[in-house]
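Colleague: test case, fold it:
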Amino acid sequence: MVWEDKPEDIADQCERELPVLVEDKSKEIISDPKKPTHFIFEGDNYHTLYTLNFTHKKKIDVIYIDPP
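Modeller: Numbers count the residues shown, from 1 in each chain. So this is what the prediction gives:
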C-alpha cells in the first residue's frame with residue numbers, strides 16, 4: 001500500500017537487497033518452552049513484512065502492526 005504518487009525508497013531498497021533481521025537474545029522471554037514461539041520485530045514495517053514473506057510464508061496466523 002502506497003499513500004503517495006511516488007515510489008518509496010524503502011521499497012526500492014528491498015528490490016535490490018533482502019533486509020536481514022537480527023535476533024536480540026537479551027530481549028528473549030520464555031515463559032513456557034512447550035508453548036509456541038512468538039516474535040516481536042522492532043523497526044520498519046516494510047522491511048519486516050517483506051522479509052517474512054520469504055522466511056515464514058503461509059506460516060503466520062496473526063500480525064499486529066503498531067504504527068507510530
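Colleague: list the contacts for the most centrally placed residue in the chain?
Modeller: What sits nearest the mean C-alpha location of the chain, by CA atoms, centre = their mean, is residue 48, with 2.2 Å. Contact partners of residue 48, counting by CB atoms under 8 Å, 6 or more residues apart in numbering, are 19, 21, 41. Where C-beta positions appear, they are placed from N, C-alpha and C, glycine not excepted.
Colleague: can you check residue 45 too?
Modeller: residue 65.
Colleague: thinking again about what came up before, for residue 22, see how far away the residue nearest to the centre of the chain is.
Modeller: 12 Å (CB to CB, to the nearest Å).
Colleague: dump the contacts of residue 48 into CSV; add pLDDT and neighbour count as well.
Modeller: What follows is the contacts of residue 48, written out as CSV (pLDDT from 0 to 100; neighbours: other CB atoms under 10 Å):
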residue, pLDDT, neighbour count
19, 73, 16
21, 77, 14
41, 80, 14
